[in-house]
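Trainee: Provided below for reference: sequence and predicted model.
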Amino acid sequence: MPQTTAQTFRTALIQEEDLSLLEEVSMKTAGVSHLEMCIQCGSCGGSCPPAEEMDHTPRMLFAMLRAGMRDAVLQSNTPWICVSCYHCVVRCPQNVHITDVMYTLKSMAIREKKYRDATAPEFSETFVDMVEKYGRSFEFGLATRHYLKHAPLRLVGMSTMGLGMLTKGRMSITPRKIKGMPQLKAILDKAKELELTS
Ligand code: SF4
Ligand code: SF4
């Protein structure tokens, strides 16, 4: 009989710790993650507004990281549910940069195509495409592309709000590029180059 996630987790914990995943995530996180300092106190999960929607609390996810459970961590919906509110970071007694770690896990899940539900990763990729093309978000294009692909019927329900935003000038129907596109492109190219060599 296949093991449940909880059983796999317990098995991994009894085995010798495999810190290679924790080190990899820590290295890929901007700045100093302090991930190895986590004492499993649970303050992060306790202060996380959308924790109930997560399949693992941040505390549990970090224990799984420490246990080297690569697939289970990268398949978890936790980083995708995180709304980057930083409540956990403020309350963490060990100064673990939890939100930044969530970004790292999202980027690893996209690169390794390990996510279970493509909705959030594809939204994220569309957003990045827009920023690379125009230097800023293009809400009209972002929402249209996303809903057409993932929830076409919801487009009808959103049309009144969209129309209101368009007529009040809160949203534009055509994208506008920023002036500093060459500079932004140079920054993004350098970031990609650094990412490839890291
Ligand atoms: S609050 Fe910090 S130390 Fe406590 S479980 Fe979360 S990450 Fe670990
Ligand atoms: S930053 Fe993410 S993980 Fe932290 S409390 Fe907010 S939603 Fe939860």
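Mentor: Ah, there it is. Residues are numbered from 1 along each chain as shown. Ligands and ions are numbered 1, 2, ... in the order given.
Trainee: per-residue pLDDT, the residue lying closest to Ser107 once chain neighbours are set aside?
Mentor: Nearest residue to Ser107, sequence neighbours excluded (CB to CB, 6 or more residues apart in numbering): Lys28, at 7.5 Å. All C-beta atoms are positioned from the backbone trio N, CA, C, and that covers glycine. Listed pLDDT for Lys28 reads 92.
Trainee: how about the residues of the chain that lie near ligand 2?
Mentor: When proximity is defined as CB under 6 Å from any ligand atom, the chain approaches ligand 2 at 47-50, 58, 82-88, 98-99, 102.
Trainee: Let's see that with 5 Å instead.
Mentor: 48, 58, 82-83, 85, 87-88, 99 (CB under 5 Å from any ligand atom).
Trainee: Tell me how many other residues surround Gln75.
Mentor: Neighbour count of Gln75, defined by other CB atoms under 10 Å: 16.
Trainee: Surely it and Lys114 touch.
Mentor: Yes - when contacts are counted by CB atoms under 8 Å, Gln75 is listed as touching Lys114 (5.3 Å).
Trainee: And the nearest residue to Met108 once chain neighbours are set aside, how far from Gly46?
Mentor: In space, and not counting its chain neighbours, Met108 is closest to Leu74: 5.9 Å by CB to CB, 6+ apart. For Leu74, the distance to Gly46 (CB to CB, to the nearest Å) stands at 24 Å.
Trainee: higher neighbour count, the two?
Mentor: Leu74 (21 against 14).
Trainee: Can you tell me the element that one falls in?
Mentor: helix 70-75 (DSSP states H and E).
Trainee: from the chain's centre, how far out does that helix sit?
Mentor: When distances are taken as CA atoms, centre = their mean, to the nearest Å, helix 70-75 is centred 13 Å away from the chain's centroid.
Trainee: same deal with stretch 113-121?
Mentor: 10 Å.
Trainee: same question, stretch 62-82
Mentor: For stretch 62-82, the distance to the chain centre is 11 Å (CA atoms, centre = their mean).
Trainee: Kindly report the domain assignment for this protein.
Mentor: Domain assignment of the chain by automatic domain parsing yields the ranges 5-112, 119-197.
Trainee: Helices along the protein, start to end?
Mentor: For the chain, the helices defined by DSSP state H occupy 5-14, 20-28, 43-46, 58-66, 70-75, 78-81, 87-91, 98-112, 119-134, 139-150, 152-167, 181-197.
Trainee: Can you give me the neighbour number for the nearest residue to Met165 once chain neighbours are set aside?
Mentor: Distance criterion CB to CB, 6+ apart; nearest residue to Met165, sequence neighbours excluded, is Met171 at 4.0 Å. Per other CB under 10 Å, the neighbour tally for Met171 reads 16.
Trainee: That's all I had, so thanks and see you.
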